[in-house]
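Q: Predicted coordinates and the sequence they were generated for:
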Amino acid sequence: MTILIYILFFTFLGSVVSLIGGILLLSKEKFALKISHYLTAFAAGALLSTAFFDLLPESMELGGEVNIFLWTLLGILAFFLLERFIHHHGHHTGENKQVVPLIVIGDSIHNFIDGVAIAATFLISIPLGMVTALAVAAHEIPQEIGDFGLLLSKGLTRKKVLLINLYSSLTAVAGAVATFAMGERIGNLLPVLLAVTAGFFIYIALANLIPEIHNKENQKVAFWESVMLFVGVLVVYLAISALEGSI
C-alpha cells in the first residue's frame, strides 16, 4: 500500500506541476514565453540524464537476457510513429475543429505513458520512481505552454483550455493505477517498460526539445539554453545519487 501512495502522490504532483507552464501563459504570457526556451533546454537535459543514468542501468540490471537496446530502439520508433500519426491527421484537418480533439488525444496518450513509466519505476525502487516523476514534470512544463498557446489560438476560452489540459494531465494517474493494478503480473515486463520509457525520453529530448532550442539565433540566449541543458543533466544526476544514498 505504501508504494501505491507514493505512485499516486508523485503522479498527481507531476500532473499538477506540469500545468504550471500553461497557467503561467494564461496569467503572464510575456514572462512564460520568455522562460519557456530555458525550461525546454533544462527538460532535455533532465530526460537524457534520467534515461542514461537511471532507466537504462536499472533495466539492464533486471533484464537478464532481455535485449534492452532493442526495446529502447522500439520505444524511440513507437513514439516517432505516434507523432507521425498525430501530425498527419493534424495537417489533413488544417484549421478544422478536429485539430483540438487530436491535440487532446495526443496529450492524453502521452500522459498515460508517463503514468505507466512513473508507476513501473516505483515498483522497482522509490528513488527511481521519484527521479522519473521529476523528469516527467520537467519536460511537461514547457510542453504545456505550447499546448495552451495552440488551444487558445483555436478560439477556446481560457477556462476551457485549463479544464482540457487538467483532464489530459490526469490520464497519467490512470496509467499509473493500471500499471500498479497489474502487480506481480508486470514483473517480467518491468525491464522492457523501463527500456521503452528510456526510448521515449531519448526521443522527446533529441527529436523535439533540442531542435527547438537550436532555433534560437540570439547568441546570448543560445549560450544560456546550453547552460540550462547541462544543468538539467547535472540536477537529475545529483538527485539520483542523493536518493539512492538516502532511501
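A: Perfect, I can see it now.

Q: Enumerate every residue touching residue 179.
A: Residues in contact with residue 179 (C-beta atoms under 8 Å, 6 or more residues apart in numbering) are 115, 116, 119, 120, 123, 186, 193. Heads up, the C-betas are built off the backbone N, CA and C, glycines and all.

Q: element containing it?
A: helix 158-182 (DSSP states H and E).

Q: do the same with residue 242
A: Counting by DSSP H and E, residue 242 is part of helix 219-246.

Q: What helices and strands are in contact with that helix?
A: Identification of packing neighbours for helix 219-246 by 3 or more C-beta pairs under 8 Å, 6 or more residues apart in numbering; DSSP states H and E yields helix 29-50, helix 126-153, helix 210-214.

Q: And the contacts of the first one?
A: Helix 29-50 has contacts (C-beta under 8 Å, 6+ apart) with 21, 24-25, 131-132, 134-135, 138-139, 141-142, 145-146, 201-202, 204-206, 209-210, 212-213, 216, 221, 224-226, 228-237, 240.

Q: coming back round to it: please work out the average pLDDT along the helix holding residue 179.
A: Average pLDDT, helix 158-182: 85.

Q: What is the subsequent helix or strand relative to that helix?
A: helix 190-203.

Q: Distance check, the residue nearest to the spatial centre of the chain against residue 229.
A: By C-alpha atoms, centre = their mean, the chain has its centre lying nearest to residue 136, at 3.8 Å. Distance, residue 136 to residue 229, using C-beta to C-beta, to the nearest Å: 17 Å.

Q: For residue 40, the count of nearby residues, please.
A: Other residues near residue 40 come to 27 when the count uses other C-beta atoms under 10 Å.

Q: To clarify, my last question referred to residue 45.
A: Neighbours of residue 45 (other C-beta under 10 Å): 26.

Q: Contact partners for the closest residue to it other than its chain neighbours?
A: The shortest distance from residue 45 to any residue other than its chain neighbours is 2.5 Å, reached at residue 232 (C-beta to C-beta, 6 or more residues apart in numbering). Residues near residue 232 by C-beta under 8 Å, 6+ apart: 41, 42, 43, 44, 45, 46, 47, 48, 49, 138.

Q: same question, residue 144
A: By C-beta under 8 Å, 6+ apart, the neighbours of residue 144 are 18, 19, 20, 21, 22, 165, 169.

Q: So what's the residue count around residue 35?
A: 18.

Q: just residue 60 next, same as before
A: 15.

Q: go on, residue 242?
A: Neighbours of residue 242 (other C-beta under 10 Å): 12.

Q: got the contact list for stretch 71-82?
A: Counting by C-beta under 8 Å, 6+ apart, 56, 59, 106, 109-110, 191-192, 195-200, 202-204, 207 sit against stretch 71-82.

Q: 7 Å - rerun?
A: Applying C-beta atoms under 7 Å, 6 or more residues apart in numbering, the contact partners of stretch 71-82 are 56, 109, 192, 195, 196, 197, 198, 199, 200, 202, 203.

Q: Got phi/psi on residue 157?
A: phi -70, psi 160 (degrees, to the nearest 10).

Q: gap between it and residue 10?
A: Residue 157 is 31 Å from residue 10, by C-beta to C-beta.

Q: between these two, which one's more packed in?
A: The residue with more neighbours, out of residue 157 and residue 10, is residue 10; 24 against 10, by other C-beta under 10 Å.
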